[in-house]
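Enquirer: what's the 3D shape of this:
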Amino acid sequence: MDKFLIEGPCKLKGKVLISGSKNAALPILAATLLFDKSVTIKNLPRVRDIDTMLSLLKSLGSKITFSKDKKTAKIMNKKNMKTVASYSLVKTMRGSILVLGPLVSKFQKSITSLPGGCLIGARPVNYHLSALKKLGMKYDIKKGYIHAKSDGKLRATTITFSKISVGATENTIIAACLANGKTVLKNCAVEPEIKDLTNFLNTAGANIKWKGRTCEIVGVKSLNEIEYSIMADRIEAGTFCVAATLSRGELEVKNLNPKIINTELNLLKKVGAKIKTSENKILIKGPDKIKPIKNIKTKEYPSFPTDLQAQFMVLLCKANGKSSITESIFENRFMHVAELQRLGAKIVIKNNKAIIEGKTDFNGAELMSSDLRASVALVLAAIVANGKSIINRIYHLDRGYENIENKLKKIGVKIKRIK
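Expert: Okay, the predicted model is just below:
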């Protein structure tokens, strides 16, 4: 199993090109199951979760051809597609559940394994199932598989989500595209990745409109051939902005619209970072002294994202005073805390709140990744720690960060992958 050896402390300087968004690409790839014509997806991030989704599409019968750099995929579905999403592929990634909606919508049947992924909380699929049931899907769960079918086309209806759920919003929007009539979804998640999905579908001829957290989808008969470029990864961008602030570095973060991480940039300004933005780049310079922040709370977009909580915790360990972060999305998302404590962090957990002492001198140690975002937080801490750190189980990182060690090397991090 691969691991990283990082020698700190490092000061970051240079340019970083942000990759395509994994969290936008996954639902868009799942939505390609609705098409009879070819779909070309550009700016795909080359990360393990995308490979898993592409393998899943291939197993269902999609023919996929790649450009030389593998960042563009042309997808053509066979006439007779399979409708079984097997456990061997689905077990490694929660996003695999996103094939359920399009399979039932297009082929009126599916057998989809219950999914796996990061161990950061319950993340139940019941929101997906109850919404799809309201559209006319019938299902049983047998031996870890969802056996689903519908009598003819799905039928439009009005659905109010009891809890804001990114995955359930995506799955239901995709399924409703080919349903009979007008579906109205209320209390939707409105993350930029979901807007990218609906933009993709509309470009292909779907009829989707947004009003705040309400999404209206008028079903269409079929979707048109399309070329589409995936949006930039805002979590990767936020991670590099934190890295620059943390290391007193200076970075030019390119290839994304800064507006999509406005909340995070405002927090970084609060801790003392100097930030200039233009149409598709961010110039960020870290302060000599990092100021503490009381009461950051993770919430649904456009509030502070749970996917940057671990990275900001590392930053606040170096602040000049006490800070706190409340995690209100996932119940198991403080698994990085014990590992940060091994580096010298002073953090106390009370229920879903982390109280961070600040003024930490990190000292290198051997560490263990527990999930995708926790593992990048350990990388950030190792970058500013004194001495050598080894980070084990970095396959978590490979699931969501494209080419991370090469990007870090180019901006001044002493990092080596050990096979």
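Enquirer: verify the stated contact: residue 104 with residue 137.
Expert: Yes - between residue 104 and residue 137 a contact is recorded at 5.0 Å, counting by Cβ atoms under 8 Å. To be clear about C-beta, it is placed using only N, CA and C from the backbone, and glycine gets the same treatment.
Enquirer: any residues in contact with both of those two?
Expert: 148, 149, 150, 154, 175 (Cβ atoms under 8 Å, 6 or more residues apart in numbering).
Enquirer: quick check: the fourth one vs residue 168, distance?
Expert: What that stands for is residue 154. 15 Å (Cβ to Cβ, to the nearest Å).
Enquirer: and the first one, by the same measure?
Expert: According to Cβ to Cβ, residue 148 and residue 168 sit 15 Å apart.
Enquirer: the second one too?
Expert: As for residue 149, its distance to residue 168 is 20 Å (criterion: Cβ to Cβ).
Enquirer: which of these two has more residues huddled nearby?
Expert: residue 168 (28 against 16; other Cβ atoms under 10 Å).
Enquirer: can I get the helix or strand containing the more buried one in PDB, CA atoms only?
Expert: Assessed by DSSP states H and E, residue 168 sits inside helix 166-176. The C-alpha coordinates for helix 166-176 follow below in PDB (Å, rounded to 0.1, in the frame of the first residue of the first chain):
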ATOM      1  CA  VAL A 166     -26.900  16.200  -2.200                       C
ATOM      2  CA  GLY A 167     -27.000  12.600  -3.600                       C
ATOM      3  CA  ALA A 168     -30.800  12.200  -3.300                       C
ATOM      4  CA  THR A 169     -31.300  15.600  -5.100                       C
ATOM      5  CA  GLU A 170     -29.000  14.400  -7.900                       C
ATOM      6  CA  ASN A 171     -30.500  10.900  -8.300                       C
ATOM      7  CA  THR A 172     -34.100  12.300  -8.400                       C
ATOM      8  CA  ILE A 173     -33.300  15.100 -10.900                       C
ATOM      9  CA  ILE A 174     -31.600  12.600 -13.200                       C
ATOM     10  CA  ALA A 175     -34.600  10.100 -12.900                       C
ATOM     11  CA  ALA A 176     -37.200  12.800 -13.400                       C
END
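Enquirer: can you list the strands that the next helix or strand after it pairs with?
Expert: Once the chain leaves helix 166-176, the next helix or strand it forms, by DSSP H and E, is strand 182-186. Strand 182-186 pairs in its sheet with strand 158-160 (parallel), strand 214-218 (antiparallel), by DSSP bridges.
Enquirer: against which helices or strands is the helix holding residue 168 packed?
Expert: Identification of packing neighbours for helix 166-176 by 3 or more Cβ pairs under 8 Å, 6 or more residues apart in numbering; DSSP states H and E yields helix 22-31, helix 100-107, helix 126-134, strand 182-186, helix 192-203, strand 214-218.
Enquirer: dump these to CSV, plus mean neighbour count and distance to residue 369.
Expert: Formatted as CSV, the helices and strands packed on helix 166-176 follow (neighbours: other Cβ atoms under 10 Å; distance: least, Cβ to Cβ, whole Å):
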stretch, mean neighbour count, distance to residue 369
helix 22-31, 26, 17
helix 100-107, 26, 29
helix 126-134, 20, 28
strand 182-186, 19, 35
helix 192-203, 21, 23
strand 214-218, 19, 35
